[in-house]
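Q: based on what follows, work out the 3D shape:
(one chain, ligands or ions: 2)
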Amino acid sequence: ATPTALQVASATGARLGVFIKGHRAVESARRIDTVVLDKTGTVTEGRMTVADVAVADGHARQDVLRHAGAVEDASEHVIAAAVARFARAELGALPPVTDFAALAGLGARGVVDGRAVVVGSARLLEREGLPVPESLGAALAAWADGGHSAVLVAVDGAVCGALALSDTVKPSARDAVARLHAMGLRTLLLTGDGAAAAHAVAAKIGITEVIAEVLPADKAAVIARLRDEGRRVAMVGDGVNDAPALARAELGLAVVDGTDLAIAAADLILVRDDLDVVPSALALARGTLGTIR
Ligand code: ADP
Ligand code: MG
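A: Ligands and ions are numbered 1, 2, ... in the order given. Prediction:
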């Protein structure tokens, strides 16, 4: 039998590192007008490192690192791993944590040395009613300008310090965005990170539309809202957090290193952790529809 256009596209796709799950993907790719990209781990490498530490007046650097490190050692977020690694490198062994709780898209909490510790975004600390001391203001402003993500640390109800995290933008991201624009597509950066860090990354890669500080559970709702506004949305993501958003989009693209869950929710699976596969996959899927018709 002669191979179908989908089979031909699938063979070409396999060479590019693109797996097309079915006709739905091919048809959706033709219709989309907006590509929403998840920031951490999709546009960026997702390998965070601690770039700086700031200590509030009246507190000690060692306490900030000890308490934050202990709680983050029990967390699974890429930010948490970076904080725990950094604290351990500076202090050696970290104390145990009890009453640990992960707060999705916000941070984590636990009890260390009998003291209540909260580690996470500015939004989390605000939600907890913990004011950020003025003595941290200059460092936080400088980090925001530099595009760093900030993590705040509170012990027994007082914010005692903060850490700046940095992540590298994938070398392929800027070109990939330019190719999407050349194909007539609009791009949008979607993230749970703060607005300053998100805009800094967006500017580096040529994206002007940013939706930041979105909780993992709300990403799918953002996609639904964009579709309600009449946009035909493709979503590119990686993590477990992104699976509902991938499923809600007209077309879901999972970049591997992705999780099994995100892959199950995707229509196109990109097995090269490189963003230039995104425009290639869309061009391939769009071309295929032409031959089917
Ligand atoms: P993204 O959408 O970029 O993949 P997430 O939704 O996973 O990001 O996280 C959003 C934000 O929540 C992070 O930028 C960080 O500020 C905060 N956060 C989440 N988990 C942690 C943690 N374990 N420690 C510190 N901050 C955290
Ligand atoms: Mg992510």
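Q: ok, Val229 - contacts?
A: Actually, residue 229 is Glu rather than Val. For Glu229, the contact set (Cβ atoms under 8 Å, 6 or more residues apart in numbering) is empty. From N, CA and C alone the C-beta is placed, and that goes for glycine too.
Q: so which strand or helix has the residue nearest to Val236 when sequence neighbours are not counted?
A: Excluding the flanking residues, the one nearest Val236 by Cβ to Cβ, 6 or more residues apart in numbering is Leu253, at 4.5 Å. For Leu253, the host element (DSSP states H and E) is strand 251-255.
Q: could you list the domains of this protein?
A: 5-45+169-292, 49-166 (automatic domain parsing).
Q: name all residues that make contact with the residue nearest to Val236.
A: Neighbours of Leu253 in contact, by Cβ under 8 Å, 6+ apart: 234-237, 246, 266-270, 278, 281.
Q: that one pairs with what?
A: Beta-bridge pairing for Leu253 (DSSP bridges): Val236, Leu268.
Q: how much space separates the residue in the stretch 51-200 of the chain that ligand 1 sits nearest to from Ser121?
A: Across the stretch 51-200 of the chain, the shortest distance to ligand 1 (Cβ to the nearest ligand atom) belongs to Gly192, at 2.4 Å. Separation of Gly192 from Ser121 (Cβ to Cβ, to the nearest Å): 8 Å.
Q: please enumerate the shared neighbours of those two.
A: Here Gly192 and Ser121 have Glu213 as joint contacts, going by Cβ under 8 Å, 6+ apart.
Q: about what we covered before: list phi and psi for the closest residue to the residue of the stretch 51-200 of the chain closest to ligand 1 other than its chain neighbours.
A: Leaving aside its sequence neighbours, Gly192 sits nearest to Gly105 (Cβ to Cβ, 6+ apart; 4.4 Å). Main-chain torsions, Gly105, degrees, to the nearest 10: phi 70, psi 10.
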